[in-house]
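S.K.: Turn this into a model:
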Amino acid sequence: MSARAWGGYIVTKVGALAALLIVPALFLVGIQDTAIAGSFAPTYTVTLNDSTASANSNFTVNYEIDSPAVMEGSHVSFIPADFGVADDASVPNGARVGGIALTATESMNNGPCSSFLSFSYDLFEATTNTGNVLSDTPPIPSAAWPGFLDGDVNNLEDAIDKYPAFLNTMFPGLTPRSRSFGWVPDTFPPATINRVVNVLVFEPGETLPGLGTMDASLGYPIVVVAQDPTAPAASSAITDECTVFNYTRQDRGVTLNNLSTGSVPNEGGFTYRTNPSADGTYTFVDYARSLRDHDGDGIENQLDTCAFDSTPAWQPRISDPVNDPDGDGIPGRDDAGQIGEQLLAGSGCDTTPLTANDDDDADGFKNRGDNCPLTANATQDDTDNDGIGDSCDVVVTVADGHLHEICVTDTVDIGLGGSPTTPTCPQFVFDQDNDGFTDVVEIYLGTGPTDPCGQSGWPADLLSSGLSLNDVDIQDITSFLVPIRYLGTDVGTNPGDVRWDLMPGGGVFSDDINIQDLTTLIITTPAMLEGPRAFNGPTCPYSP
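M.R.: Below is the predicted model of the structure:
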């Protein structure tokens, strides 16, 4: 359920490229992805047209997420630090530095997410002067966005000569090492709106908002920002995006002249990318995080018009007259055994399953493009950016639903090659269900790292019955002592006692289950409770 097309911080890769086709390696962050619905397995290849040491080779990168996998939410690529990466001062504005093709599947006018559209952008070197600001008003995709103008009459769009204000909003206080810009106008088929991309290269070890500090050993982080993610929500003919998603990018080793500016000045011939000076095999890392899926049906929140009702049988990518008989984009089957329109239990959330209404809540946003399709919310506010609008979200400030967090890698040989390094994949979401316990600890305890509530999902809820159902109270404290004494024992003394080892291991104590575990229970303040301690605090906001 997305209110704006290409409204994300795609965060992408600028790759390097192998002389030989190499099957990309895939490794997962932790093991949380093995037990949750939905799939997320991008493929990633990197190639170069000259593998000679110190050559100014063109880089070509290809990244794809196949259908019906969930769409990406964040995406960062890295160029190994051994490669030469030009900074803003080394290349004149307007130089042709490469190109990018973005292909995604879109929902048009509340139809199934099945329109496969591809757009190719020429990329031009653009300023990183964050003080020379380009106004956001009116925002993209309006044709009147100031970035499309040529205010200083130098045959370059102002988005090249000036720094878009929304990038300062997204990356406050940060100045990229370099930036490139490209756009496709709505008059260029098959574009239906003006589409813009900014590609930002940051210094190794930079801290990016929403992600965290990047390990400098990974190299230069590359981020692609499509459209203006900070723009107010607006109704559009494009009501959703989904997989298949493909990203192909080329960075030139040496820049080309910008034909729009003529032969003077000549922006060609400037070094943009350089291979390492030493032979070796170099590893390129691509970090990707999927969108969240609250109800665990394999359909990400942004695509799922019934985000709270699991509908694994519904196919949002095709016309599905069985699970969406009225074709309005909200799944739900009529209970044929009842008189009139009666929703068949477990089939979806459409309250009128036989009567089509493409804007069920009449708020101006068609169902597939509405982050609360059954609750009017003309602002489309989504504070926690989980794809579920504030007006219908369970917890407004904490993202709902599980996600996948993985890395894909590829290697390139420079010269004679060598032994590649094995980089450590970044991990930024340590407690994906926001219940106060990391995924690693939950796997150890045997609780569900994607399930925030109930005794089987919430480690703090040791006793979940009667008045202690789905909350943390004195009964959970006393469970350390009665009916079985767990406090002061090692794991393995009693069946199931690992469940009380809330801070795994003994720490400074001789026994595994000790005062630290009890203290952890008392002081934990889960994000899902939005501030209060769990002990003698509110019940878990989700169903156990």
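S.K.: Could you report the neighbour count for D384?
M.R.: D384 has 17 neighbouring residues, counting by other CB atoms under 10 Å. Where you see a C-beta, it was placed from the backbone N, CA and C, and this is true even at glycine.
S.K.: please begin residue numbering at 422 from this point
M.R.: All set: I'll call the first residue 422, so the last point we hit is now D805.
S.K.: so what pLDDT did it get?
M.R.: For D805, the pLDDT comes out at 95.
S.K.: One more: L447?
M.R.: pLDDT recorded at L447 is 35.
S.K.: repeat for the one 5 residues further on
M.R.: In the prediction, the pLDDT value recorded for I452 is 32.
S.K.: Likewise for G683?
M.R.: If you check G683, the pLDDT there is 82.
S.K.: mind checking the SS state of the residue lying closest to it once chain neighbours are set aside?
M.R.: Nearest residue to G683, sequence neighbours excluded (CB to CB, 6 or more residues apart in numbering): N576, at 7.5 Å. In three-state terms, and counting by DSSP: H, G, I helix; E, B strand; the rest coil, N576 is coil.
S.K.: wouldn't N576 be in contact with L680 here?
M.R.: No - judged on CB atoms under 8 Å, N576 makes no contact with L680 at a distance of 9.5 Å.
S.K.: What about the residue nearest to G683, how many residues nearby?
M.R.: Counted with other CB under 10 Å, residues neighbouring N576 total 13.
S.K.: what's it sitting at in phi/psi?
M.R.: In terms of degrees, to the nearest 10, the main-chain angles of N576 are phi 70, psi 20.
S.K.: Likewise for D661?
M.R.: Backbone torsions of D661, given as degrees, to the nearest 10, read phi -170, psi 160.
S.K.: contacting residues around it?
M.R.: Contacts for D661 (CB atoms under 8 Å, 6 or more residues apart in numbering) come out as 422-423, 527-528, 534, 723-724, 737, 789-790.
S.K.: Just the buried residues of those residues.
M.R.: Among those, those classed as buried by 16 or more other CB atoms under 10 Å are 422-423, 527-528, 534, 723-724, 737, 789-790.
S.K.: Of those, which belong to strands?
M.R.: 527-528, 534 (DSSP state E).
S.K.: quick one: the helices in the stretch 772-921 of the chain?
M.R.: With DSSP state H, counting those that start in this stretch, the ranges of helices along the stretch 772-921 of the chain come out as 860-866, 895-899.
S.K.: Then the chain?
M.R.: 579-582, 586-591, 860-866, 895-899, 936-944 (DSSP state H).
S.K.: isn't A728 right up against G810?
M.R.: No - using CB under 8 Å, A728 is not in contact with G810; the gap is 9.7 Å.
S.K.: For the two, indicate the residue with more neighbours.
M.R.: With neighbours defined as other CB under 10 Å, A728 and G810 compare such that A728 has more, 31 against 26.
S.K.: so how far is I898 from the more buried one?
M.R.: Plainly put, A728 is 35 Å away from I898 if you go by CB to CB, to the nearest Å.
S.K.: got it, and D784?
M.R.: 46 Å.
S.K.: Please apply the same query to N957.
M.R.: For N957, the distance to I898 equals 10 Å [CB to CB].
S.K.: Single out the most deeply packed of the helices of the stretch 772-921 of the chain.
M.R.: Neighbour counts (mean count of other CB atoms under 10 Å) averaged over each of these peak at helix 860-866, with a mean of 18.
S.K.: How far away from the center of its chain is that one?
M.R.: Helix 860-866 has its average C-alpha position 23 Å from the chain's average C-alpha position, going by CA atoms, centre = their mean, to the nearest Å.
S.K.: which residues are in contact with it?
M.R.: Outside of helix 860-866, the residues within contact range by CB under 8 Å, 6+ apart are 451-453, 851-853, 858, 869-870, 880, 919-920, 922-923, 925.
S.K.: Also stretch 541-548?
M.R.: So stretch 541-548 is contacted by 509, 512-523, 577, 580-584, 599-605, 616, 618-620, 676, 679, 688 (CB under 8 Å, 6+ apart).
S.K.: Could I get the buried residue list for it?
M.R.: For stretch 541-548, the buried set under the neighbour-count rule, 16+ other CB under 10 Å, comprises 542-548.
S.K.: Over to stretch 580-591?
M.R.: If you call a residue buried by 16+ other CB under 10 Å, then stretch 580-591 has these buried ones: 580-589, 591.
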